[in-house]
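Visitor: Below: sequence and its predicted model.
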Number of protein chains: 2
Amino acid sequence: MVQRIERLKSVGERENIDVFIFTSASSLKCFSGYYYNFETGPSPFQLLPAALVVVPDQFMGIVIADNESLTAPVPGIEVSVRKYASYVYEEPLDFTNHFLIQLHEMLKQIGMSKARIGIEQNTFPYVIANSLKAKYSEMEFVNITGEVSRIKAVKDADEIKNIRKATALSDIGQSAVIKYAQAGMTELELFSLVRLEIEASVGTRIPIMVDLVSGARTASGGGIPTNKTIQEGDLILSDLTPCFNGYWGDSCNTKVIGKPTSGQMKTFESVKQALNHAISAVRPGIKASEIDDLMRKHAGNFPHHGGHGVGTLYHEEPRIVRYNNTVVEPNMVIALEPAIYEKGFGIRLEHMVLVTETGCEVLTQFQHCF
Amino acid sequence: MVQRIERLKSVGERENIDVFIFTSASSLKCFSGYYYNFETGPSPFQLLPAALVVVPDQFMGIVIADNESLTAPVPGIEVSVRKYASYVYEEPLDFTNHFLIQLHEMLKQIGMSKARIGIEQNTFPYVIANSLKAKYSEMEFVNITGEVSRIKAVKDADEIKNIRKATALSDIGQSAVIKYAQAGMTELELFSLVRLEIEASVGTRIPIMVDLVSGARTASGGGIPTNKTIQEGDLILSDLTPCFNGYWGDSCNTKVIGKPTSGQMKTFESVKQALNHAISAVRPGIKASEIDDLMRKHAGNFPHHGGHGVGTLYHEEPRIVRYNNTVVEPNMVIALEPAIYEKGFGIRLEHMVLVTETGCEVLTQFQHCF
């Protein structure tokens, strides 16, 4: 069995859960492979989130809109699919009802009665909860949000494959920044070239989160590209977070157009050292908080996290923050992003690493060169 | 009072509703002005949807993440803001709890006790429903999804202003397609230029939904741009749907690279006629279904809706479909998009109109020229 389903099964046994029902985009992708690829968020033709029903070892089924499909199933996981009439034009919209009929049919199929149902309470729609309560009076909901985020922190091989591709896209973007950035173009013009290079390498549009700022804007650590013109001597901070097949990549570079000042050079070296020390330290057994401390020892106390896990969410466990005593394990994927923000400029450098049995492998492969 | 709040008040009186609580992105924008502008969907730093509490004539308050703000308030609407600690790095995440504390404080402030609460059941998170039920045992939820979509169909002046700007962005995009499209470039390369022209005119990244396909791909009516190279003689179908300040614009053009065949020319004229007849027919009193019929009389029975309302959602009421007997009213905004899909090519032409007292004004202003 796929390891993450195995871990879900353990949660079920420990919490006495009979059935899991997932509706968050992240868990749908993680446990079934189902993913929608609209850059602007959920598909406009999907009027309710899909619902994934899991009884570990026994059944996995998903209810999705009639215009969608299980495009990227997880190898080794069999998911039964039921579709509901969603954004149709032939007859009055009644998608909520159609959705609930399919979900109830699926639950009948697995013989659910007085079940304890594991859900993620923040993303579970009231309409589904209400409909289930009306049908199954002895049913109970159990919130398993925390357990699910811990399961997701350790990746299976198929997930690492997707993450490798996403980080390669991040590399392509960082190379494009170095190739194209020059004084006289706007941040948006630069971003346009970077985005095209990433998208052309995939062959289609993909979601890309981005900070791309220049000059004094780097001092606040980020922001969306604008019409600001890049000047000679500006720093350019590019934090590129593309999504491939539902998994994210993440890296950040800061480079200078022209010659850095000696102060900027020194700051760059301090951040780079902080990053290198953190990379050297990452191994099974170290605590997330220790990695965070190490970076702040070299870079000072920058005003954001030292890093975060990356997977079906761009920020997930293990969060690299001072209060997090989570112990690092093999197959966690972690982005490390120390920074120094000074008056007038800021430098952040970020790599993503995969925790191995003995240390870690750096996944993003471009070089931070100032 | 802003008209849409006035109409919400009427729904409250009719349905005996004491308090409305909205959590859908569309209703948050429509009733409070609150909007998040991440192209990839909701902000990654907003871990629960915002919640808007409305007691018409008496109170409006919103609970939002601490890193967000009410950036574009609706003129004439005063909204009290409470923030919850969301994606912080200084202390363990407990955003759900922080969110619920703020929401309960707000409800205490308005003296809510055994209320009937109007909600949109598909987007209302279970965690909020459950927490309210635990606190207010005599509370009841009333699903007002249908009423809200009818309220949204008729626009206030401030909304029309935003929609005019969004349609102007769509015009800029269509002009860019005509300016840049040529044989030898890929669909993605063309899209990159179009998107940059739109974004540069705003000065920042914005969400843009798009169909941009060429050649035989036009026969299926749409799709995301790819690495397909545009050839001499290809049709290019560009359906551009940019979002400005939470409101959408929408238009579609189909143009030919080089010379059209006589068959293509004839098809183009039929679709254009269908669109023109529909525009001439739109006025208060006509039914949505009649507009749909009219287009199909000229263009034949294309396999999608004849159009749709546009506002904080890109597809909303009034849906222009054969079963919809909704009567058109002044200040509705409607996209009309007749099409003919043949073997090997397809043509769709779309304009957005604003219903006036006597007819309609075409909002998208570019010319459909083949």
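Guide: Alright, I've got the coordinates.

Visitor: going forward, measure contacts and count neighbours with C-alpha atoms only.
Guide: OK.

Visitor: Show me what the helix or strand of chain A with the lowest mean pLDDT is packed up against.
Guide: Lowest mean confidence among the helices and strands of chain A (mean pLDDT, DSSP states H and E): helix A:25-32, at a mean of 91. Helices and strands touching helix A:25-32, by 3 or more CA pairs under 8 Å, 6 or more residues apart in numbering or on different chains; DSSP states H and E, are strand A:51-55.

Visitor: How about the strand it packs on and chain B, touching?
Guide: No. Shown here: strand A:51-55 not in contact with chain B (CA under 8 Å from any CA of the partner chain), separated by at least 12.6 Å.

Visitor: Contacts for the biggest strand by length in chain A next, please.
Guide: Looking across chain A with DSSP state E, the single longest strand is strand A:235-244. Residues external to strand A:235-244 that are found in contact with it (CA atoms under 8 Å, 6 or more residues apart in numbering or on different chains): A:162-163, A:165-167, A:169-170, A:173-174, A:177, A:206-215, A:218, A:221-222, A:248-257, A:314, A:345-348.

Visitor: Just the C-alpha atoms of the least confident helix or strand of chain A, please, in CSV.
Guide: The C-alpha coordinates for helix A:25-32 follow below in CSV (Å, rounded to 0.1, in the frame of the first residue of the first chain):
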residue,chain,number,x,y,z
ALA,A,25,-7.7,20.5,-2.5
SER,A,26,-4.5,19.4,-0.8
SER,A,27,-5.9,16.2,0.6
LEU,A,28,-7.8,15.4,-2.6
LYS,A,29,-4.5,15.6,-4.5
CYS,A,30,-2.4,13.8,-1.8
PHE,A,31,-4.7,10.8,-1.3
SER,A,32,-6.3,10.3,-4.7
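
Visitor: who in the stretch 251-370 of chain A is up against chain B?
Guide: For the stretch 251-370 of chain A, the residues in contact with chain B (CA under 8 Å from any CA) are A:304-305, A:314-315, A:321-324.

Visitor: Are any of those residues buried, and if so which?
Guide: Among those, those classed as buried by 16 or more other CA atoms under 10 Å in any protein chain shown are A:304-305, A:314-315, A:321-324.

Visitor: could you give me the average pLDDT of the longest strand of chain A?
Guide: Computed over strand A:235-244, the mean pLDDT rounds to 96.

Visitor: how far out from the middle of the chain is that strand?
Guide: 14 Å (CA atoms, centre = their mean, to the nearest Å).

Visitor: Run me through the strand neighbours of that strand, direction for each.
Guide: Applying DSSP bridges, strand A:235-244 is found paired with strand A:208-214 (antiparallel), strand A:247-248 (antiparallel), strand A:251-256 (antiparallel).

Visitor: on that earlier part again, just name the closest of the residues of the stretch 251-370 of chain A next to chain B to residue A:191, please.
Guide: Of all these, residue A:314 has the smallest distance to residue A:191: 19.9 Å, by CA to CA.

Visitor: The residue nearest to residue A:356 when sequence neighbours are not counted: what secondary structure?
Guide: Nearest residue to residue A:356 in three dimensions, chain neighbours excluded: residue A:330, at 4.9 Å (CA to CA, 6 or more residues apart in numbering or on different chains). When classified by DSSP: H, G, I helix; E, B strand; the rest coil, residue A:330 comes out as coil.

Visitor: Surely residue A:330 is in contact with residue A:286?
Guide: No. With contact defined as CA atoms under 8 Å, residue A:330 does not count as touching residue A:286 (11.0 Å).

Visitor: quick one, strands of the stretch 201-350 of chain A?
Guide: A:208-214, A:235-244, A:247-248, A:251-256, A:307-309, A:316-320, A:333-336, A:339-341, A:346-348 (DSSP state E, counting those that start in this stretch).

Visitor: Need the winner for burial among these.
Guide: Of all those, strand A:333-336 has the most neighbours on average by mean count of other CA atoms under 10 Å in any protein chain shown, namely a mean of 30.

Visitor: Kindly tell me how buried the residue nearest to residue A:356 is, as a neighbour count.
Guide: 17 (other CA atoms under 10 Å in any protein chain shown).

Visitor: could you check the distance from it over to residue A:157?
Guide: 12 Å (CA to CA, to the nearest Å).

Visitor: Same question for residue A:82.
Guide: Taking CA to CA, one finds residue A:82 at 28 Å from residue A:157.

Visitor: What ranges does the stretch 51-200 of chain A have for its helices?
Guide: Secondary structure of the stretch 51-200 of chain A (DSSP state H, counting those that start in this stretch): helices at A:95-109, A:126-135, A:145-153, A:157-180, A:187-202.

Visitor: Out of those, which is closest to residue B:58?
Guide: That would be helix A:126-135 among the helices of the stretch 51-200 of chain A, by CA to CA, at 26.5 Å.

Visitor: orientation of the closest one relative to helix A:95-109 in degrees?
Guide: Going by axes from the mean of the first three to the mean of the last three CA atoms, to 10 degrees, helix A:126-135 is angled at 50 degrees with respect to helix A:95-109.
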